[in-house]
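Undergrad: no sequence on this one, just coordinates:
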């Protein structure tokens, strides 16, 4: 079984290079925070919870390298590097969340000698990883009942083990249902332009012997019209207080289609994806990546030279399209203002 | 200026190889009907009106080669070869329509010597091509008023000069508005899996200096939500009596999105696309092509080996989603049962 990201005995961060899957299973070893920032930026690692863990581990690498005469100096430098790291991807809140949690850990240990603070930070980053996997398993238990026996599930992008420390959010729900003996099949959107569905989700589910059929992103509407899809389950990159969900570009379209066909639409994400500072999804920054991702793939150019392309990486699905949000602490139902805050307040 | 398809002075059919665009502008010369059938089957030529013309020209090549002792024998063989040719692509009705028209032409000339019938058939195939271009220009005139000054138009797949004998259906409407001085910009869906939008539509519009921005198919919903799209115009492969429209996979999804955002949704197609024998779109056969088109991208494999993929090539947009159908004989409005039959009955 592959590991998405882990802290090695040698004190480095090892992650699977998701740009090279599924053709090659290659690992990248990061020895400093710059290497982690680069891995996040270039999408060697992606997926909101996974980059939350990567951010925390990256900051642990940063902490190891800081040469400071005092705690204040140490913390200032740690904060500065955390700030820089969090700018690598703007939409997913988990990255900032992981970095914040590391800073709080440093503050709690401020009376210890700096080498002990660094050790505490390394333990904290590993704890964040382990909690993420446990959280995904809990999410699976909370959500698996939404998948009826014989159901055909549609998912988009990759909200699997590769998007998290392990097990997955949306795929965690599917895995938990499968493990409980529910017969199910999964339609996977290929998810242009980065093809996370074709390359990563199809690969994960195939390894688990869960029946999977790949489709192009523009086929889901037709399948819904023909009654071939029973429910949709996707992950999230950031959830606003009112339940609006930012997720991979194309998610909103699926939500509109699901509503039009009376099909339930579920979001699975840990509470760390919730950003209570935002009133609605309109405030979520949407990352725009290089047009080259749209005009080419795997180095093969398809569009004519000189053509403009847009590449918004996420979209926002308003809360009114979402049947329920499955979290590690339980299921939130509309109205989300109340239900999400209640879950967030739970220990 | 490229020619999509033409009858050469040497008595062959010359067509631009659409699989190699936009990187290479290469022409294929077909000397017999088998070569035309192969060009249609492998999508060297595609687009409902274009394959209507190709079918007619293919049958003219067939006619040239028939060695028959009597008209009846000649016609039996012509019909048999027409039948075979029409099976190459099942969804677009224009192919069968072009072949039928050739058969009717033969019947009208039945009292002539066979070499004269063959000459009549060659003239008829060329007439079908010329009428298609004239029809597209008429469509442009009928439809251009739907594009307001400053409008952002979304189109899907390629309903351009390459999908027809020239000028285009949906792109004909856009071209006519542009030629009339309307300032406009065009969002083009890349249109997986065959990438007609990225490869063909972007190329055509770029050559005409019409501002174009390429997007992945899953981005249109986001752009509509942000108010960046004012109208949608697409082509059609077959239109049922009630106005249901079969067109490239993904069209139905755009129609649902347009309805959700209150954006007008137009279909542009010649009357030859209308199939009055079908009561509704449910009766339109949907071609399924090789899963390889979905598991690979521009020849590069993306999905893991062993993964299933679905590849329905068209979908059906129910008439209730369509604001108007722009034809070569004028604009049909709901209820389409009445308006389409009225246009079909016009000389």
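TA: Cool, the structure landed. If you're wondering where the values come from, they're calculated on a predicted model, not measured in any experiment.

Undergrad: any idea how far the nearest residue in space to residue A:43 that is not next to it in sequence is from residue A:196?
TA: Spatially, and ignoring its direct neighbours in sequence, residue A:43 is nearest to residue A:19 (6.2 Å; Cβ to Cβ, 6 or more residues apart in numbering or on different chains). To be clear about C-beta, it is placed using only N, CA and C from the backbone, and glycine gets the same treatment. Residue A:19 sits 10 Å away from residue A:196, going by Cβ to Cβ, to the nearest Å.

Undergrad: Could you do residue A:38 as well?
TA: 19 Å.

Undergrad: what about the two, which has more around it?
TA: For the pair residue A:38 and residue A:196, the greater number of neighbours falls to residue A:196 (27 against 15), based on other Cβ atoms under 10 Å in any protein chain shown.

Undergrad: How far away from the center of its chain is the top helix by length along chain A?
TA: Counting residues, the longest helix found in chain A (DSSP state H) is helix A:114-143. Distance of helix A:114-143 from the chain centroid (Cα atoms, centre = their mean, to the nearest Å) equals 15 Å.

Undergrad: Can you point out the buried residues in it?
TA: Neighbour-count burial for helix A:114-143 flags A:114, A:117-122, A:124-126, A:128-129, A:131-133, A:135-140, A:142-143 (criterion: 16 or more other Cβ atoms under 10 Å in any protein chain shown).

Undergrad: now it: mean pLDDT?
TA: Summarised as a single mean, pLDDT over helix A:114-143 is 98.

Undergrad: Assign the residue nearest to residue A:222 when sequence neighbours are not counted to helix, strand or coil.
TA: In space, and not counting its chain neighbours, residue A:222 is closest to residue B:315: 3.8 Å by Cβ to Cβ, 6+ apart. When classified by DSSP: H, G, I helix; E, B strand; the rest coil, residue B:315 comes out as strand.

Undergrad: now residue A:199
TA: helix.

Undergrad: Which residues are in contact with it?
TA: When contacts are counted by Cβ atoms under 8 Å, 6 or more residues apart in numbering or on different chains, residue A:199 is found next to A:18, A:21-22, B:302-304.

Undergrad: can you name the two of the residues you listed that are farthest apart?
TA: A:18 and B:303 (14.6 Å; Cβ to Cβ).

Undergrad: so how far is chain B from the residue of chain A positioned farthest from its centre?
TA: Largest separation from the mean C-alpha position in chain A: residue A:69, at 36.9 Å (Cα atoms, centre = their mean). According to Cβ to the nearest Cβ, to the nearest Å, residue A:69 stands 50 Å off from chain B.

Undergrad: And for residue A:232?
TA: Taken as Cβ to the nearest Cβ, the span from residue A:232 to chain B is 13 Å.

Undergrad: List the residues that contact that residue.
TA: A:153-156, A:254-255, A:258, A:263-266.

Undergrad: List only buried entries from these.
TA: Applying 16+ other Cβ under 10 Å to those flags A:153-156, A:254-255, A:258, A:263, A:265-266 as buried.

Undergrad: Any residues of the stretch 51-200 of chain A in contact with chain B? List them.
TA: A:187, A:189-193, A:195, A:198-199 (Cβ under 8 Å from any Cβ of the partner chain).

Undergrad: could I get those as JSON lines with pLDDT and secondary structure?
TA: What follows is these, written out as JSON lines (pLDDT from 0 to 100; DSSP: H, G, I helix; E, B strand; the rest coil):
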{"residue": "A:187", "pLDDT": "98", "secondary structure": "strand"}
{"residue": "A:189", "pLDDT": "98", "secondary structure": "strand"}
{"residue": "A:190", "pLDDT": "97", "secondary structure": "coil"}
{"residue": "A:191", "pLDDT": "97", "secondary structure": "coil"}
{"residue": "A:192", "pLDDT": "96", "secondary structure": "coil"}
{"residue": "A:193", "pLDDT": "95", "secondary structure": "coil"}
{"residue": "A:195", "pLDDT": "95", "secondary structure": "coil"}
{"residue": "A:198", "pLDDT": "96", "secondary structure": "helix"}
{"residue": "A:199", "pLDDT": "96", "secondary structure": "helix"}
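
Undergrad: Now do the same for the helix or strand residue A:63 falls within: mean pLDDT, whole number.
TA: Using DSSP states H and E, residue A:63 sits within helix A:48-65. Across helix A:48-65, pLDDT averages out at 98.

Undergrad: which secondary structure elements does it contact?
TA: The contact analysis (3 or more Cβ pairs under 8 Å, 6 or more residues apart in numbering or on different chains; DSSP states H and E) places helix A:48-65 against strand A:5-7, strand A:13-16, helix A:33-41, helix A:71-86, helix A:94-108, helix A:114-143.

Undergrad: related to what we said a few turns ago, so the residue nearest to residue A:222 sits against residue B:252, correct?
TA: Yes - Residue B:315 lies in contact with residue B:252 (Cβ atoms under 8 Å); the separation is 4.2 Å.

Undergrad: Common neighbours of those two, please.
TA: Joint contacts of residue B:315 and residue B:252 (Cβ under 8 Å, 6+ apart) are A:221-222, A:225.

Undergrad: JSON lines for the residues you listed, including neighbour count, pLDDT and secondary structure?
TA: Shown next, in JSON lines, are the shared contacts of residue B:315 and residue B:252 (neighbours: other Cβ atoms under 10 Å in any protein chain shown; pLDDT from 0 to 100; DSSP: H, G, I helix; E, B strand; the rest coil):
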{"residue": "A:221", "neighbour count": "28", "pLDDT": "98", "secondary structure": "helix"}
{"residue": "A:222", "neighbour count": "24", "pLDDT": "98", "secondary structure": "helix"}
{"residue": "A:225", "neighbour count": "19", "pLDDT": "98", "secondary structure": "helix"}
